[in-house]
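Novice: Sequence and predicted structure below; questions after.
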Amino acid sequence: MKEKNYKTLRDALNQLPVYGADAGAWEGIEQAMTPKLGDQLPSYRPPAEVWNTLSQELDTPAPAPTRRLWPRFAAVAATLALLVSIGLGLNRGIDRGPTVTYAYGQEPAPAPIVADWDEEDESFARVAAEIATRNEPHLNTLHHELTELTAASEEIKAMLVSYGNDPTVVRQLAEIERDRSDIYRRIIVEL
């Protein structure tokens, strides 16, 4: 393989500083190696031709590369002309699109939620008193379910006070109130 920048490489290598180890350092390394590996390994000398060839290749300067600028210049110019003509052609065919306009509107705020689920609490209290006087197992079971739903309803009402009128919480409260009304109807049928 031929080096293209032979002179630059040779100058850079010649400018590198040369460092050597102290004599004491080598003695310390030799003493640290208990078996001397250098004595155990075989040594081979390369033929003189190899060194002569390497030396000649390093000393001969590399030939200057021949440059033909005209073909490269012509290729660059042709590419540039092609890109400019394509750009101009595309610019004429571009549809600018419609003009954008903005419109806005105002909507009224939703009506506030009117809590009407507390109106039946007196009626539920009368039914609970009636169930307590009768003491029938089926009525006691329905009363227990009604009590659990009332406790859940109170928890949801507390959440509404803490977090505001969140639509999901209001839906949960509506479901609980429907279940309470259904059990209330079943209790009235049993009474």
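Specialist: That came in fine, so what should we check first?
Novice: what number of residues lie near Glu175?
Specialist: 13 (other C-beta atoms under 10 Å). In this view, the C-beta of every residue, glycine as well, is placed from N, C-alpha and C.
Novice: do you know how far it is from Ala152?
Specialist: Distance, Glu175 to Ala152, by C-beta to C-beta, to the nearest Å: 10 Å.
Novice: Would you mind giving me the confidence score for Trp117?
Specialist: pLDDT recorded at Trp117 is 60.
Novice: And Asp121, by the same measure?
Specialist: 71.
Novice: and what of Ala75?
Specialist: 84.
Novice: cool, and Thr79?
Specialist: For Thr79, pLDDT reads 90.
Novice: Start at 103, not 1
Specialist: New numbering, starting at 103: the last item is Thr181.
Novice: for this protein, which residue is closest to the average position?
Specialist: Centroid check for the chain by C-alpha atoms, centre = their mean gives Thr270 as the closest residue, at 30.7 Å.
Novice: residues near Tyr121, how many?
Specialist: 5.
Novice: That one: what secondary structure?
Specialist: In three-state terms, and counting by DSSP: H, G, I helix; E, B strand; the rest coil, Tyr121 is coil.
Novice: Let me know whether Val229 touches Glu292 as I believe.
Specialist: No: the criterion here is C-beta atoms under 8 Å, and Val229 misses it with Glu292 at 10.2 Å.
Novice: neighbour-wise, which of those two wins?
Specialist: Shown here are Val229 and Glu292; by other C-beta under 10 Å, Val229 has more neighbours (20 against 12).
Novice: Which strands or helices does whatever helix or strand that one lives in pack on?
Specialist: Assignment of secondary structure by DSSP states H and E places Val229 within helix 223-236. In terms of contacts (3 or more C-beta pairs under 8 Å, 6 or more residues apart in numbering; DSSP states H and E), helix 223-236 is packed against helix 239-265, helix 269-292.
Novice: Need the contact partners of the helix or strand hosting Ser157.
Specialist: Per DSSP H and E: Ser157 is located in helix 150-161. Defining contact as C-beta atoms under 8 Å, 6 or more residues apart in numbering, one finds that helix 150-161 is touched by Arg112.
Novice: again with stretch 106-116
Specialist: By C-beta under 8 Å, 6+ apart, stretch 106-116 touches 105, 160, 163-164, 167.
Novice: which sections of this structure are below the confidence cut-off?
Specialist: Applying pLDDT under 70 to the chain flags the ranges 103, 123-141, 165-170, 193-198, 214-221.
Novice: Could you find the closest non-adjacent residue to Leu244?
Specialist: Counting by C-beta to C-beta, 6 or more residues apart in numbering, Ile289 is the residue found nearest to Leu244 once chain neighbours are left out, at 5.0 Å.
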